[in-house]
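> fold the following.
(4 chains)
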There are 2 protein chains.
Amino acid sequence: MTSRPGKPRPPSEPRPAEQRPGERRLAEAAKRTKPATLDDVAALAEVSAKTVSRVVNNEASVSSATRERVMRAVELLDYKPNLNARVLAGDRSFLIGLFYGGPGGFLSDFQAGATEVCRDSGYHLMVEPWDSDSTQLNRDMASLLRQLRLDGVILLPPLGDDRLICNTLRDAGIPMVQIAPCEQAPDSPSIGIDDYAATRRLTSYLLDLGHRRIGFILGSPGHGATENRYRGFTDEMHARRVPVDAALVGRGNFHFPDGVVVAERMLAERKPPTAIFASNDDTAAAAISVAHRRGLQLPRDLSVVGFDDSPIASMVWPLLTTVRQPVMAMARVAARLIIENTPRKHGWPVPMPSSLLDCELILRDSVAPPRS
Amino acid sequence: MTSRPGKPRPPSEPRPAEQRPGERRLAEAAKRTKPATLDDVAALAEVSAKTVSRVVNNEASVSSATRERVMRAVELLDYKPNLNARVLAGDRSFLIGLFYGGPGGFLSDFQAGATEVCRDSGYHLMVEPWDSDSTQLNRDMASLLRQLRLDGVILLPPLGDDRLICNTLRDAGIPMVQIAPCEQAPDSPSIGIDDYAATRRLTSYLLDLGHRRIGFILGSPGHGATENRYRGFTDEMHARRVPVDAALVGRGNFHFPDGVVVAERMLAERKPPTAIFASNDDTAAAAISVAHRRGLQLPRDLSVVGFDDSPIASMVWPLLTTVRQPVMAMARVAARLIIENTPRKHGWPVPMPSSLLDCELILRDSVAPPRS
DNA sequence: CTGAAAGCGCTTACAG
DNA sequence: CTGAAAGCGCTTACAG
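Reported below is the predicted structural model:
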C-alpha cells in the first residue's frame, strides 16, 4: 500500500493481514476507512497488482487457482476499481455519450434502457444536449470530447444526420451509433425501426376501414422518421389507387403547437379529411385537441392515428391508435454495440451491424370507419 | 513533456517551441496530434506545471504577467485539462449525480437546467435512475459512489425522502441537495417551491368562481408535494368555511391511470364535484379524459386544475389551468449549490441555504364557474 | 501463467 | 509569488 508523504502508516501498526486467513481479514477490511485499492487486493491475495488487474478485467491468462484467490480478496475488501485511474492509465473511459438535440419524448425511455445496460457493464452514461444552431457547437463538443474521452457516442435523432457533429466525432476518433437517421454514415452503425413498413401497415388499416380522404401531418425536416413515414404513407395510398390530396399534407415539426396549426387548416377545408395520420403522437394529440374544439365527435367524425406510443397517446381521449417503437430495446442494442467494441484502436474493429427492430401497431380508440 | 517508454521522441526532431514566439508556436501546436497536456503548456509558457495548474484553477497567487503568459499558451495549444487526471490527483470529481426514481415528467427539464450550469463550470452530470424497491440499492449505490466519487448529488423527489439513500450518501460523505422533499435532512439544503401557498391560491381561485364541491386527487404518498398540496387545499377550504367531502378526496400516485380510477369514482358520486383539483397535470389530464368519456362538456360541466405546467397541460382540451414550477431554475440553483461548495473536506463548508422559488398560476381554459 | 517498472496527466504538501 | 518532488490508482509494454 502506498500513501501520501503527509500520512505515513504508524510503525506501531504492522499489517498482519497477509499472514492470517479468513475472519481476521474480514475484520481488517471492515475497519478500513478508505476504499480498498488494487494494491490492497494484491497484498491480501499475495499476488502482484498486475495479476489483480488481469482478474478484474477478465483476461484469460490467469490460473483458476490464482483467480479464485484474487476474487476472494476482492470480495473481502469489497474492492471496486477507481474509474478515473482506469481511464487515465488505459485507453478506454467506460463512458458512453448520449447526445440529443431534438424533441424530448424519446430521450427518457432511451436513457433508461441505455443506463440499464451500462450499469451491468460498469459503464456510465453522459447525457448531453446539443443545440445544432449554436455557432460554437464544434468547439464545445471537441472540448468535451477531449476532457472526457468517451468510448462511444449515441446520436439521437436528428443528430445522426448532422454533418458537423458526425465530423467532429470522426475527427476525435470516437465511434458513434446513429439512431433512426435519414442516411447511414459510412462505417457507423445505425439502429432504428422500419418506419416505412409500419406506416404502410397503419395506412392500410385506415384504408381497409374505408377512409379515402386521409390527412398527413409531416414531422420535422431532416429526420429520417419524417421522410420514411411520409414515403410509407404515399406509397401505400398509391398502391391502393387512392389519391394523396396536397391540401391534406401539412408540414409539422413533431411538436404539439405546429400540429394544431396544421390540423386547424385541414379541418377547415371544404372537404375535410375523415382521418388524419400524424407523424408522431404529439401532433396526433394536437389533431384531437383541434377536433374537440371544433365540436367534432371522436372517432365518429374523425379518426386520428399517431406514431411512437409515447405517454401522451394514453392520456388523450379517445386513446390513440399508434405504432409502438421499442425505444428501450433500441437503447440497449446501441449501448451494447459500443461496449462490446471497446477497446479498439481506430474505428470499429469489426464491421458493426446496423439493426432494424420490430415495432408494433397499437390499435386503440381513436379510429373508426368514416361516417358515410 | 513525458512520453511512454515505447514511443521516445525522435532525437532528430528537437523542440524549438520554447525559444520562438508567436506564429511558429501556433504552427507547432497545429501539427500536434495528441491533445496538449499541462506539461506542454508549462514548457511553452516557460513556467512550472504547478503554476499552470494554479492559473487553470483560478488560484489567486499568480502574478498577472505570469497568468497572462500561461493563458496565452493555453489558448495556443487549445489546452483542456484531462478530467480523469484531475480527479485522480485532486479531491473533486467535477461530476454531479442527478438521481431520480419517480415519475419522469420533472426529469427532462431539470436535466436541461442542470446540464447548462455544469457546462459553464466544467462539470458534468451523471443521471442515474434508482429503484427504491430494489433490495440491492444500497450496494449498487455505494459501489457507484466509490467508482465515481461525485462532488454532490441532487435528489429528485421522492428520493430526497428515502432514508436508505440519504444514509448511503451520508456514509459516503457526499453532499446532497434535496428537491421538494417532505422534510429537510439535517445539514442538507433543499430546493423547492411553496406548494402550500400555491395550492391555497389556486383553491381560492376556484372558490371565488363559486365552486363548493371540489374534488381532490392526491399525489403519491411520501412526496413532499403530495402533503403540502393537500394541506394547502384543505386549509384554504376550511379558511373559507367550505367542507371537504371525504368522498371527493382520492388517493393517486401522480400517474395518469390512477387519476382515471379516482376521477371515475368521483364523477360517479350521487353529488359529483363541480371542480377537480389534481395534484399534478397527468392526473388532471386523466380527469379531463374521464369527463370526456362520460360526455361532459368542459369546462361548463366540470372545472379541472392541475399542477406543474408540464407539456401535457397544453396538449389536452381544454387547456389546463395549472401552476408552473420553475423547474429549470430549481435545477440551476441546485447545481450551483454543489459546484460552489466544492471542494470541501467534510460536509458543507458553510451552511447551505435552502430555497423556495416562486411559482406562477397559469390560468387557461379548463376552469369556468359552476353551472348553478 | 506471472511480475517489476514506468507512465497516464494532473494536484497535494512542502519549501523557498 | 513560484517550483521540485511525490503521489493519486490504475494499465501498458516488456520480460521471463
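
> residue A:51 in helix, strand or coil?
With DSSP: H, G, I helix; E, B strand; the rest coil as the basis, residue A:51 sits in helix.

> that one contacts residue A:71, correct?
No: taking contacts as Cβ atoms under 8 Å, residue A:51 lies outside contact range of residue A:71: 11.6 Å. For glycine as for every other residue, the C-beta is placed from the backbone atoms N, C-alpha and C.

> which one of the two is surrounded by more residues?
residue A:51 (21 against 15; other Cβ atoms under 10 Å in any protein chain shown).

> phi, psi of whichever residue of the stretch 151-300 of chain A sits closest to DNA strand D?
At 12.1 Å from DNA strand D, residue A:151 is the closest residue in the stretch 151-300 of chain A, using Cβ to the nearest atom of the strand. When read as degrees, to the nearest 10, the backbone of residue A:151 gives phi -80, psi -20.

> equivalent analysis for residue A:255, please.
Phi and psi for residue A:255, reported as degrees, to the nearest 10, are phi -110, psi 150.

> for the host helix or strand of residue A:197, buried residues please.
Residue A:197 belongs to helix A:195-209 when assigned by DSSP states H and E. In terms of neighbour count (16 or more other Cβ atoms under 10 Å in any protein chain shown), helix A:195-209 has its buried residues at A:195-196, A:198-200, A:202-203, A:205-207.

> show residues contacting that helix.
A:180, A:214, A:224-225, A:228-233, A:235-237, A:240, A:242, A:275, A:277, A:303, A:305, A:307, A:321, A:323, A:359, A:361, A:363, A:367-370 (Cβ atoms under 8 Å, 6 or more residues apart in numbering or on different chains).

> one more: stretch A:218-230?
Residues from elsewhere that reach stretch A:218-230 (Cβ under 8 Å, 6+ apart): A:102-103, A:157-158, A:160-161, A:180-183, A:192, A:195-196, A:198-199, A:216, A:249-254, A:279-280, A:283, A:307.

> start to end distance for it?
End-to-end distance of stretch A:218-230: 7 Å, with Cα to Cα, to the nearest Å as the criterion.

> now it: buried residues?
Per 16+ other Cβ under 10 Å, stretch A:218-230 contains these buried residues: A:218-220, A:222-230.

> can you pull out the strands in chain A?
Taking DSSP state E to define them, one finds strands in chain A at A:95-100, A:124-129, A:152-155, A:176-179, A:190-193, A:214-217, A:249-250, A:275-278, A:303-305, A:322-324, A:355-357, A:360-362.

> for the residue in the stretch 101-250 of chain A that DNA strand D sits nearest to, phi and psi?
Here the stretch 101-250 of chain A gets closest to DNA strand D at one residue, residue A:122, 10.1 Å apart by Cβ to the nearest atom of the strand. For residue A:122, the backbone dihedrals (degrees, to the nearest 10) come out as phi 70, psi 20.

> what is the burial count for it?
16.

> hmm, it is touching residue A:94, no?
Yes: the criterion here is Cβ under 8 Å, and residue A:122 meets it with residue A:94 at 5.9 Å.

> ok, how many other residues are close to residue A:269?
Residue A:269 has 13 nearby residues by other Cβ under 10 Å.

> who's in contact with it?
Counted by Cβ under 8 Å, 6+ apart, residue A:269 has contacts A:247-248.

> got it, and the one 3 residues further on?
Residue A:272 is in contact with A:213, A:266, A:302, counting by Cβ under 8 Å, 6+ apart.

> with respect to residue B:288, which of those residues is nearest?
Of all the contacts of residue A:272, residue B:288 sits closest to residue A:302, with 18.5 Å by Cβ to Cβ.

> shouldn't residue A:144 be in contact with residue A:128?
Yes: if you go by Cβ under 8 Å, residue A:144 and residue A:128 touch, sitting 7.0 Å apart.

> returning to what we had before: ok, and the most crowded of the contacts of residue A:272?
For these, counting by other Cβ under 10 Å, the largest number of neighbours falls to residue A:302: 28 neighbours.

> check it and give its pLDDT.
On pLDDT, residue A:302 comes in at 98.

> poorly predicted segments of the stretch 101-250 of chain A, please.
A:102-105 (pLDDT under 70).

> interface residues of chain A facing DNA strand D?
A:2-5, A:34, A:37-39, A:49-50, A:53, A:56-57, A:79-82, A:85-86, A:88-92, A:343 (Cβ under 7 Å from any atom of the strand).

> where do the helices sit along the stretch 251-372 of chain A?
Remark: helices assigned in the stretch 251-372 of chain A by DSSP state H, counting those that start in this stretch are A:256-267, A:281-293, A:327-340.

> flag every buried residue along the longest one.
Meaning helix A:327-340. A:327-339.

> same deal with the first one?
Using 16+ other Cβ under 10 Å as the burial criterion, the residues of helix A:256-267 that qualify are A:256, A:258-263, A:266-267.

> want to try a markdown table for these, with distance to DNA strand C and pLDDT as columns?
As requested, those are exported to a markdown table (distance: Cβ to the nearest atom of the strand, whole Å; pLDDT from 0 to 100):
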| residue | distance to DNA strand C | pLDDT |
| --- | --- | --- |
| A:256 | 45 | 94 |
| A:258 | 45 | 95 |
| A:259 | 48 | 96 |
| A:260 | 51 | 96 |
| A:261 | 50 | 97 |
| A:262 | 51 | 97 |
| A:263 | 54 | 98 |
| A:266 | 57 | 97 |
| A:267 | 60 | 97 |
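
> between those residues, which is closest to residue A:167?
residue A:258 (29.9 Å).

> any idea how far the nearest residue to the closest one once chain neighbours are set aside lies from chain B?
Of all residues not flanking residue A:258 in the chain, residue A:252 sits nearest, at 4.7 Å (Cβ to Cβ, 6 or more residues apart in numbering or on different chains). According to Cβ to the nearest Cβ, to the nearest Å, residue A:252 stands 14 Å off from chain B.

> quick one: contacts for residue A:49?
So residue A:49 contacts A:38-39, A:42 (Cβ under 8 Å, 6+ apart).

> can you get me a residue count around the residue lying closest to it once chain neighbours are set aside?
Once flanking residues are discounted, residue A:49 sits nearest to residue A:42: 4.6 Å by Cβ to Cβ, 6+ apart. Number of residues near residue A:42 (other Cβ under 10 Å) recorded here: 19.

> which ones are touching residue A:42?
Contacts of residue A:42 by Cβ under 8 Å, 6+ apart are A:48-49, A:51-52.

> just put these in CSV and tack on distance to residue A:298 and pLDDT.
Output for the contacts of residue A:42, formatted as CSV (distance: Cβ to Cβ, whole Å; pLDDT from 0 to 100):
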residue, distance to residue A:298, pLDDT
A:48, 72, 91
A:49, 68, 91
A:51, 68, 93
A:52, 65, 92
